[in-house]
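[1] please work out how this folds:
(one chain, ligands or ions: 1)
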Amino acid sequence: MELKKHLQPHAVLIPLPLQGHITPFTHLAMKLASKGFTITFVDTESTHQQIATAQSLKDGDNPFSHGQKCGLDIRYAKISDGFPLSFDRRANARQFMKGLTHVFQTHVDDFIENLVLSKPNPPISCIIADSFHVWGSMIAKKYNLVNVSFWTEPATVLTVFYHMNLLKSNGHFGSHDKYEDTIRYIPGVQTIKPEDLPSYCQDDDPSACNYVFKCIKDAQKADFVIGNTVQELESSTISALQVQQPFYAIGPVFPTSFTKRTISTSLLPASDCTNWLNSKQDGTVLYISFGSLANLSKQDILEIAQGILISKVSFIWVLRHNILGSGERNILPLGFEEETTGRGLVVPWCSQLAVLSHPAVGGFLTHCGWNSILESMWCKVPMVCFPVLADQLTNRKLVVDDWRIGVNLCTRGLIRRELVAENIGRIMSRSDELKKNIEKTKIILQNALSDEGSSEKNLNQFIEDMKNKILQK
Ligand code: UDP
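    Predicted coordinates for the structure are as follows:
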């Protein structure tokens, strides 16, 4: 298909329809639009419905309505992911991911075909698909688009995935009997323990592993990969990646001031914790959240709750109704909320950035989702780490072992209330080292986003390289 040469790039952005992906994609859309791109942002109907409900959007409005009113050329579209709106995507995750591979691909294909036929002005020139989609390269090839893959996790995780064959040949893939080893052969990753590999390299859940492998294979075919990370945080890893493929660290992609006008990307209605936080002294509150997906066992929750009681810390605890994954509603131990009245606030969801940036918050007990880590760094809040799955295991290593801006909640698989209390105490008392390191990390992020900073320069370079690539098409 003939692509018109046009100076203004028009990118179609398609995130994975999960909270941790929609958020960075939304901010990326805003960034690119503010640099002169035309954006067509594609949400699923289900995602749109969740966002509209969570944010009480008026009919016809979308998450970008404010940006559009400010003159940004962001066009918003929603397509079916192939499941009825009433289908519980979380409870049927396996079936859902399968659908994203096949049915959703057909819907994306139809959507792009119709978009091309409608001859938009400017014509579409590029697709920016989530690296966790398996079909980005197929769509790009079919419609002669520049193929960009957006990697929403640390570069270290991508590098590990790119070298799965090395893990296999060394017996470290899916192996549980070499846990004591230290892996030193992954280019750009000085050392990593097998237990810190992403869970997909440890698990024997073949369907999840296969899905990720297909995604990674597809991402390797992209013309460019952009990553929601920072050059100075992962410099040797990024250099090693760049030997394989053009990779640009452009993170963190979130806006740098969190005002009311900041775009909200939440898929769930958020409780406002501001008044409660205002009543607390600076640095005294522990914020606890395990993100949008992770499931914990009832035993984990019990030990964490008991640890909180022992520590006597003030806290906000985000407990999603589905955190146990079983549909059971009695999540907390009996009497816990009564016992912590006044010093604890339990909510189903909140505006995490508003909470983390409040001066009362002094620590974050986190599942180590990458967005949560970036947000915590930005707000200078050290972390207690309790990774559960996927990249979170590797992210923990970065936070605790490499950057030293957090501590472990427990040794893997052994969660005990006394340890929980001890490690919460360690983080809330903020040792000089933790304080120094978290300040340093914030400065790294801030500098990266400044006009002369690495992320800003990398983003501009990516745009220039992409425009050249469009001209070559
Ligand atoms: N988040 C939120 N409110 C909450 C909990 C989480 O807004 O109560 C947001 C958080 O700010 C982050 C995202 O949800 O941007 C979670 O992404 P992350 O990568 O940390 O974890 P995931 O949900 O993908 O496991």
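[2] pLDDT below threshold where in the chain?
    Applying pLDDT under 70 to the chain flags the ranges 1-6, 204, 257-262.
[3] which parts of it sit against the ligand?
    19-20, 23, 266, 289, 291-294, 318, 349-353, 369-372, 375 (Cβ under 6 Å from any ligand atom). Where C-beta positions appear, they are placed from N, C-alpha and C, glycine not excepted.
[4] for PyMOL, what selects the buried ones among those residues?
    Applying 16 or more other Cβ atoms under 10 Å to those, the buried members can be selected in PyMOL as follows:
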select buried, resi 19+20+23+266+289+291+292+293+294+318+349+350+351+352+353+369+370+371+372+375
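[5] ok, now which ones touch the closest residue to the ligand within the stretch 1-150 of the chain?
    For the stretch 1-150 of the chain, the residue positioned closest to the ligand under Cβ to the nearest ligand atom is Gly20, at a distance of 2.3 Å. Gly20 sits next to Thr152, Gly291, Ser292, Leu293, Gly369, Trp370, Asn371 when contact means Cβ atoms under 8 Å, 6 or more residues apart in numbering.
[6] cutoff 7 Å now
    Going by Cβ atoms under 7 Å, 6 or more residues apart in numbering, Gly20 touches Thr152, Gly291, Ser292, Gly369, Asn371.
[7] so the first one touches Gln19, yeah?
    No. Using Cβ atoms under 7 Å, Thr152 makes no contact with Gln19, being 11.0 Å away.
[8] can I assume Met377 is in contact with Lys440?
    No. Between Met377 and Lys440 there is no contact under Cβ under 7 Å: 10.0 Å.
[9] so between those two, which is more surrounded?
    Between Met377 and Lys440, counted using other Cβ atoms under 10 Å, the more crowded position is Met377 (26 against 14).
[10] which ones among the residues of the chain next to the ligand map onto helices?
    Using DSSP state H, the members of the residues of the chain next to the ligand that fall within helices are Gln19, Gly20, Thr23, Gln352, Leu353, Trp370, Asn371, Ser372, Glu375.
[11] who touches stretch 155-170?
    Contacts for stretch 155-170 (Cβ under 7 Å, 6+ apart): 151, 173, 185-189, 197-198, 201, 212, 216, 227, 229, 234, 237-238, 240-241, 244, 249, 391, 394, 398.
[12] residue contacts, the residue in the stretch 251-400 of the chain that the ligand sits nearest to?
    Of all residues in the stretch 251-400 of the chain, Gly369 sits closest to the ligand, with a separation of 2.2 Å (Cβ to the nearest ligand atom). Counting by Cβ under 7 Å, 6+ apart, Gly369 makes contact with Gly20, Gly291, Gln392.
[13] could you pull up phi and psi at it?
    phi -60, psi 150 (degrees, to the nearest 10).
[14] and stretch 220-240, what's buried?
    Applying 16+ other Cβ under 10 Å to stretch 220-240 flags 220, 222-234, 237-238, 240 as buried.
[15] in helices, which of those appear?
    Thr237, Ile238, Ala240.
[16] out of those residues, who's nearest the ligand?
    Thr237 (18.8 Å).
[17] tell me how far the closest residue to that closest one other than its chain neighbours lies from Glu338.
    Closest residue in space to Thr237, ignoring its immediate chain neighbours: Gly188 at 4.0 Å, by Cβ to Cβ, 6 or more residues apart in numbering. The gap separating Gly188 from Glu338 is 51 Å, by Cβ to Cβ, to the nearest Å.
[18] more crowded one of these two?
    Per other Cβ under 10 Å, whichever of Gly188 and Glu338 has more neighbours is Gly188, with 21 against 7.
[19] gap between that one and the ligand?
    22 Å (Cβ to the nearest ligand atom, to the nearest Å).
[20] so that residue: helix, strand or coil?
    coil (DSSP: H, G, I helix; E, B strand; the rest coil).
[21] that one is in contact with Ala240, isn't it?
    Yes. Counting by Cβ under 7 Å, Ala240 is a contact partner of Gly188 at 2.6 Å.
[22] neighbours of the closest residue to the ligand within the stretch 51-200 of the chain, just the number please.
    As assessed by Cβ to the nearest ligand atom, the ligand sits closest to Thr152 within the stretch 51-200 of the chain, at 7.6 Å. The number of residues packed near Thr152 is 27, by other Cβ under 10 Å.
[23] repeat that for Lys473.
    14.
[24] from Pro123, how far out is it?
    11 Å.
[25] cool, and Gln19?
    Separation of Gln19 from Pro123 (Cβ to Cβ) stands at 32 Å.
[26] tell me how many other residues surround Gly71.
    8.
[27] go on, the one 4 residues further on?
    The criterion is other Cβ under 10 Å. On that basis, Arg75 has 17 neighbouring residues.
[28] who are the contact partners of it?
    Counting by Cβ under 7 Å, 6+ apart, Arg75 has contacts Ile39, Thr40.
[29] so in that sheet, which strands flank the helix or strand hosting it, and in what orientation?
    Arg75 belongs to strand 74-79 when assigned by DSSP states H and E. Looking at strand 74-79 with DSSP bridges, its partner strands are strand 38-44 (parallel).
[30] how far away from the center of its chain is the partner strand?
    Offset of strand 38-44 from its chain centre (Cα atoms, centre = their mean, to the nearest Å): 18 Å.
[31] all helices for the stretch 301-450 of the chain, in order.
    For the stretch 301-450 of the chain, the helices defined by DSSP state H, counting those that start in this stretch occupy 336-339, 352-356, 370-378, 392-396, 417-428, 432-449.
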